[in-house]
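Chemist: Fold the following.
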Amino acid sequence: MKILIIRLSSLGDIILTQPLCALLHKHYPEAELHYLCKPEYAALVACFGLPINTIEYSKSLSWHLSLLRLRYDLVLDLHGKFNSYLAANLVRAKQKSLYDKKRNLRKAIVSHKTSTAIDSTVSLYCTALKKLGIRDAWDNPALIPTRQRKPKTQGQAPKIACFPGATHYTKRWPIEYWRALIASMPECSFTLLGGGGDKVLAKGICANGTVNCSDQTAKFNLSELVDELQDYDIVLSGDTGPMHMAAALALPQIALFGGTHPRLGFKPLNPKAQILSADLDCQPCSLHGLKACPQGHFKCMQSLSPQILSRQIEELLS
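Modeler: Numbers count the residues shown, from 1 in each chain. Got it, this is the predicted structure:
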């Protein structure tokens, strides 16, 4: 049996498909699992701890035509957008299944027309399995590092991994808050992580030359980042892909929700996670974040003070 799973991007969304892949392997242990994603995420799928072959997505016409030669017993579209729809329909398969994105419910949550919450996006992905008769309970997403955690040395300062960046402004904790937090906890060692797009933000946070802060943005690829993160005592982030990476590694973490909200189904699935949200009447203002606060005050993030975060860190370290 051959099964194709399609989820082209992004970091957090792909991590949240791991439980579905695990269920497929459980029910079809002899099946050949293939995972179609963008090239930059192939190494991440390799950390699922499952026998999965990755297929790297391309926008080219020749690549799309090559899909016509592929044969599968089952194709699962876990993206639900035009590019994934096209790929799924070019591949020949005995059975195809699309997950339920709950678009209308998410729109209603953002427009504050309902108090209903989505438990997790993983549950939504698994609706594709329910159509196949698979209704098992799923485990939290898990990523498997390629090496062992480095042992801590005696007297070593607590290591805090920080992901200050986010694609959208309303998901970012204010830069001056990062500076204040780091300066207020000289007993901790802070490392700024993220992609190349976070370099300017990291430079601004380290502008005062704080000795307990190191800029390591754009240093690691995704599989290297999985290995690197396991060596930290706490991970700080907004509602972003690295938040889900920390959760899948079962690390102590603090997740800050600004313009979005856990009710939309993106909370970190991790018993060690602390979620900070102001729970304002205007939250959430969007599904994935915005360029600016629609209300002009940005209280959702500004009310999560450095003092609040430092207390949470102290509790996790105690």
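
Chemist: Mind jotting down where the strands sit in the stretch 101-250 of the chain?
Modeler: 159-163, 189-192, 213-215, 234-238 (DSSP state E, counting those that start in this stretch).

Chemist: Pick the most deeply packed of the ones you listed.
Modeler: Most buried of the strands of the stretch 101-250 of the chain, by mean neighbour count (mean count of other CB atoms under 10 Å): strand 234-238, with a mean of 26. The way it works is simple: take the backbone N, C-alpha and C, and place the C-beta from them, glycine included.

Chemist: and that strand, which strands flank it?
Modeler: Under the criterion DSSP bridges, strand 234-238 sits next to strand 159-163 (parallel), strand 253-257 (parallel) in its sheet.

Chemist: Identify the residues contacting that strand?
Modeler: Strand 234-238 is contacted from outside by 158-163, 166, 171-173, 229, 242-243, 246, 251-258, 309, 313, 316-317, using CB atoms under 8 Å, 6 or more residues apart in numbering.

Chemist: ChimeraX command to pick out the buried ones of those?
Modeler: Only the buried entries of the contacts of strand 234-238 go into this ChimeraX selection, using 16 or more other CB atoms under 10 Å:
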select :158,159,160,161,162,163,166,171,172,173,229,242,243,246,251,252,253,254,255,256,257,258,309,313,316
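
Chemist: what packs against the longest helix belonging to the chain?
Modeler: Looking across the chain with DSSP state H, the single longest helix is helix 306-317. Packing contacts for helix 306-317, counted by 3 or more CB pairs under 8 Å, 6 or more residues apart in numbering; DSSP states H and E, involve helix 175-184, strand 234-238, strand 253-257, strand 273-277.

Chemist: Select, out of these, the one closest to residue 298.
Modeler: helix 175-184 (11.3 Å; CB to CB).

Chemist: now the angle from that closest one to helix 306-317?
Modeler: Interaxial angle, helix 175-184 versus helix 306-317 (axes from the mean of the first three to the mean of the last three CA atoms, to 10 degrees): 50 degrees.

Chemist: For stretch 281-295, list every residue counted as buried.
Modeler: Residues 283, 284, 285, 286, 287, 288, 289, 290, 293 are the ones in stretch 281-295 that count as buried (16+ other CB under 10 Å).

Chemist: which residue sits closest to the first one, ignoring its sequence neighbours?
Modeler: What it means is residue 283. In space, and not counting its chain neighbours, residue 283 is closest to residue 261: 4.9 Å by CB to CB, 6 or more residues apart in numbering.

Chemist: Which residues are in contact with the one you found?
Modeler: Contacts here follow CB under 8 Å, 6+ apart; on that basis residue 261 touches 109, 277, 279, 283, 284.

Chemist: of those residues, closest to residue 181?
Modeler: Nearest to residue 181 among these is residue 277, at 17.5 Å by CB to CB.

Chemist: So what's the residue count around that closest one?
Modeler: Residues within reach of residue 277, counting by other CB atoms under 10 Å, total 21.

Chemist: hang on, it packs against residue 254?
Modeler: No: the criterion here is CB atoms under 8 Å, and residue 277 misses it with residue 254 at 11.3 Å.

Chemist: circling back: okay, the residue nearest to residue 283 and residue 278: tell me how far apart.
Modeler: Residue 261 sits 10 Å away from residue 278, going by CB to CB, to the nearest Å.

Chemist: quick one: contacts for residue 218?
Modeler: Here residue 218 is in contact with 194, 195, 196, 198, 199 (criterion: CB under 8 Å, 6+ apart).

Chemist: swap in residue 146?
Modeler: Per CB under 8 Å, 6+ apart, neighbours of residue 146: 47, 223, 226, 227.

Chemist: same thing with residue 254?
Modeler: Applying CB under 8 Å, 6+ apart, the residues contacting residue 254 are 234, 235, 236, 237, 273, 274, 275, 276, 309, 312, 313, 316.

Chemist: 7 Å - rerun?
Modeler: Shown in contact with residue 254 (CB atoms under 7 Å, 6 or more residues apart in numbering): 234, 236, 274, 276, 309, 312.

Chemist: from those, which is closest to residue 87?
Modeler: The closest of the contacts of residue 254 to residue 87 turns out to be residue 236 (CB to CB; 36.0 Å).

Chemist: Quick one, grab the pLDDT at the residue lying closest to residue 267 once chain neighbours are set aside.
Modeler: With sequence-adjacent residues excluded and distances taken as CB to CB, 6+ apart, residue 267 is closest to residue 275, at 6.2 Å. For residue 275, the pLDDT comes out at 98.

Chemist: Brilliant, that's me finished.
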